[in-house]
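Undergrad: generate coordinates for the sequence data below:
(chains A, B and C)
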Amino acid sequence: MKTLTITSYLMFIISIAGIVYAMVANPPAWIVYAIAILFIPLSILSFGLMIMAQSKKEEEDERAREPFIGY
Amino acid sequence: MDLTTIGGQLLGTIPLGDIVLYLTPFNLFMFAGALAFTTLIAISRTETQVEAEFGTLKDKEVKVDLQEFKIRRFLAIVCGLATAGAMITGDLFNFTLFVTLIGIVNIGIVSAVRQVDVLNAAFQYGLIAMMASLPLFGGAAIILASTGTLSLLELVKIPYVTSMMTFGSLLLLMGIIGETGVAPFYATKAEMFRTPGSPFILIIHLSSLLVIVRAIEVLLIINKPF
Amino acid sequence: MNLMLNILLNVTIAFLLGSLLFGLQRKVMARIQMRPGPPIIQHLLHTLKFYIKESTFPKTAAMPFYIAIASILCVIWVSAVIVGPVAQGSLLLIFAIYALHKIVEHNAGSSSGSPYGKLSCVRAVFSAAAEVPLFAVLIIIYLKTGTMVLSDITAYQAQNGALLFTIPLAALMFFVLILSKAPYSPFAITKGKDIISGYETEHFGLLRGYLMISESIAWYMLLWIFLTVFLGPLSLLGYLVGMVIISVIVAFINATTPMLNPNHSIMVQVTLVFIGIVGSIILLML
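TA: Numbering: from 1, shown residues only, chains lettered A, B, ... in the order given. Prediction:
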């Protein structure tokens, strides 16, 4: 879980930096498109991974063992 | 006819002798899409299918074993690269070659599975794909014979359409449909999708859909309604 | 306006309006079935609720494919927003995006290893056989207007009148395509309630929220394409009214029809494709 949190923070910072760069520096259109296509979805995903609720310590074990939640 | 009315603004060309690759947003997007999926396949694990077992309350896990995994991943990557090639190529003959490669590799991906139903489906798909390679290459050959070129960038410039060109493109369409196993041949193909190994099965579906989209562009270029 | 800002604004509008239109659709369906129904912002609230929920990933899933496939849905519909409202690019590109959408439906289902997802995956393959030809209406548009670039199609309509009246069968085909993407639709076999939530069954929590965001954008974009391609240059108010009207019509159809069996759904769609393509070509030749 720890690696997931660190990766998501990193992804979020990179994607926001990219979007801000495209907004401020006004690079050529195709670079802006590439940044938008890659970084908008990435920022949404990584933001979600950052703010999602975490499970309690004692519940963690049983959740990992289930094949599916709805099973 | 103008190429930009189909795929959007022409971004540039890459001349390789008489084969000229042309880049429109349409080609580039599909090329990038095929490559992105190929990368994903190369780094992904396969899923474990969980099925209910008869007679007990236990679950049965269906997995892909290591040997099968390796060969299927290799074939899937080849298929992804062939799809990417078919998206970007500016030459009709290269396009047909990529499409046949896709057909061959798709059969390989499913025939590595040890399940009778799946092998049956793969066999039937294989028959169709083999038969389809004749009209596929025949169509390209007829277009070459009637126009003197296979470069799509040259074909766009030809101001007329003869009935032989239309006949050739119809054969080409038949070949592509058979080789990628779409519409009328979907029934056997859907059977192949029941096996575990989601990332590899993805590429079978991806290649057929993307090739069909590209084929629309190619056929419009040859037949030019305008 | 700044290009990046323009894109961000369009994506946000697509997400919010798409969610509200889904909410409106549920409201209309509820009223037809004599229920009070959820508030119109319910779909938006659902999305946000899922988005902040705790998520784990099934241990049977094909990682990282299982997460990436959800991101790809978002990637392709953000690209569609760029090709559509922002850059007014080629319609064929949107066709490619729709083909990738079918891939996501197919593989979001199979990536988790769940039997429900697998069934939805097989159904997605079947439905592609009908929905991809439905998108082939763009060939008819090309035959009529001589271009596939969205800005040129709107210019053509500004001169010659809306395409809805010159190629009505093509518009009908596109409408069926939109209908089959709506929730509770008679053609929504990949998300049928008999297989729980279809391909989304095992994408719960955050990833479900993520998928719902992309689906809202997708719904907005499909309506936007229909309005742009068949009704020509519209004002902002025109788009809004058009989207609300189409959503309400779709809600009426969904509330009054049962979901079709997969085979019947495909056959109905294929029949409509046949009528649409052959009929349109005959109409063009007259």
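
Undergrad: wondering if whichever strand or helix holds C:L207 reaches chain B at all.
TA: Assessed by DSSP states H and E, C:L207 sits inside helix C:206-231. No. Against chain B, helix C:206-231 shows no contacts by Cβ under 8 Å from any Cβ of the partner chain, the least distance being 14.8 Å. Bear in mind the C-beta positions are built from the backbone N, C-alpha and C, glycine included.

Undergrad: quick one: check that helix for contact with chain A.
TA: Yes. Contact of helix C:206-231 with chain A (Cβ under 8 Å from any Cβ) involves C:L206, C:G209, C:Y210, C:I213.

Undergrad: top of the residues you listed by neighbour count?
TA: C:I213 (28 neighbours; other Cβ atoms under 10 Å in any protein chain shown).

Undergrad: what sits against it?
TA: Contacts here follow Cβ atoms under 8 Å, 6 or more residues apart in numbering or on different chains; on that basis C:I213 touches A:I44, C:F15, C:T47, C:Y51, C:C74.

Undergrad: tell me how many other residues surround the third one.
TA: Close neighbours of C:T47, defined as other Cβ under 10 Å, add up to 21.

Undergrad: that one contacts C:S19, correct?
TA: Yes. Look at C:T47 against C:S19 with Cβ atoms under 8 Å: they come within range, at 6.1 Å.

Undergrad: what's the spacing between stretch C:147-154 and its chain's center?
TA: From the chain centre to the centre of stretch C:147-154 is a distance of 20 Å (Cα atoms, centre = their mean, to the nearest Å).

Undergrad: briefly note if that stretch comes near chain A.
TA: No. Stretch C:147-154 lies apart from chain A when judged by Cβ under 8 Å from any Cβ; the minimum separation is 15.0 Å.

Undergrad: would you map the helices across the chain?
TA: Here I'm looking at chain A. A:2-25, A:29-51, A:57-65 (DSSP state H).

Undergrad: actually, chain C is the one I wanted.
TA: C:3-32, C:42-51, C:65-81, C:91-110, C:115-135, C:137-145, C:150-160, C:163-166, C:168-181, C:206-231, C:236-256, C:262-285.

Undergrad: on that earlier part again, any residues in contact with both of C:T47 and C:S19?
TA: Common neighbours of C:T47 and C:S19 (criterion: Cβ under 8 Å, 6+ apart): C:M212, C:S216.

Undergrad: got the contact list for stretch C:261-268?
TA: Contacts for stretch C:261-268 (Cβ under 8 Å, 6+ apart): C:R123, C:F126, C:S127, C:A129, C:A130, C:S180, C:P186, C:F187, C:I189, C:M259, C:L260.

Undergrad: and chain A, is stretch B:58-74 touching that?
TA: Yes. Between stretch B:58-74 and chain A, judged by Cβ under 8 Å from any Cβ, the touching residues are B:D59.

Undergrad: mind listing what's buried along that stretch?
TA: Buried residues in stretch B:58-74, counting neighbours by 16 or more other Cβ atoms under 10 Å in any protein chain shown, are found at B:V62, B:V64, B:E68, B:F69, B:R72, B:R73, B:F74.

Undergrad: of all the residues you listed, which comes closest to chain A?
TA: Checking the buried residues of stretch B:58-74 against chain A by Cβ to the nearest Cβ gives B:V62 as the nearest, at 12.6 Å.

Undergrad: can you tell me the closest non-neighbouring residue to that closest one?
TA: Closest residue to B:V62 apart from its sequence neighbours, by Cβ to Cβ, 6 or more residues apart in numbering or on different chains: B:Q49 at 4.3 Å.

Undergrad: how many neighbours does that neighbour have?
TA: B:Q49 has 24 neighbours, counted by other Cβ under 10 Å.

Undergrad: contact partners for it?
TA: B:E61, B:V62, B:K63, B:P196, C:T60, C:G113, C:P115, C:K118.

Undergrad: what do you get for C:V81?
TA: C:V81 neighbours (Cβ under 8 Å, 6+ apart): C:I7, C:N10, C:V11, C:A14, C:I217, C:M221.

Undergrad: switch these over to CSV; also include pLDDT and neighbour count.
TA: Shown next, in CSV, are the contacts of C:V81 (pLDDT from 0 to 100; neighbours: other Cβ atoms under 10 Å in any protein chain shown):
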residue, pLDDT, neighbour count
C:I7, 91, 25
C:N10, 93, 21
C:V11, 93, 24
C:A14, 93, 25
C:I217, 94, 27
C:M221, 93, 25
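
Undergrad: ok, the residue nearest in space to the middle of chain A - contacts?
TA: In chain A, the centroid-proximal residue (Cα atoms, centre = their mean) is A:S46; its distance is 1.0 Å. Shown in contact with A:S46 (Cβ under 8 Å, 6+ apart): A:T7, A:S8, A:Y9, A:M11, A:F12, A:S15.

Undergrad: any quick ChimeraX command for the buried ones out of these?
TA: In ChimeraX syntax, the buried subset of those is picked out as below (16+ other Cβ under 10 Å):
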select /A:8,11,12,15
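
Undergrad: and chain B, which of the contacts of A:S46 reach it?
TA: Applying Cβ under 8 Å from any Cβ to these, none is adjacent to chain B.

Undergrad: okay, now the unreliable bits of the chain?
TA: Since you didn't name a chain, this refers to chain A. For chain A, the stretches with pLDDT under 70 are A:1, A:55-71.

Undergrad: my bad, the chain I had in mind was chain B
TA: B:1, B:183-191, B:226.

Undergrad: so which bits of it are right by chain A?
TA: B:V50, B:D59.

Undergrad: how about a cut-off of 6 Å?
TA: For chain B, the residues in contact with chain A (Cβ under 6 Å from any Cβ of the partner chain) are B:V50.

Undergrad: ranges for the helices of chain B?
TA: According to DSSP H, the helices that chain B contains are B:4-7, B:25-43, B:66-88, B:92-111, B:116-147, B:152-157, B:163-180, B:186-192, B:198-223.
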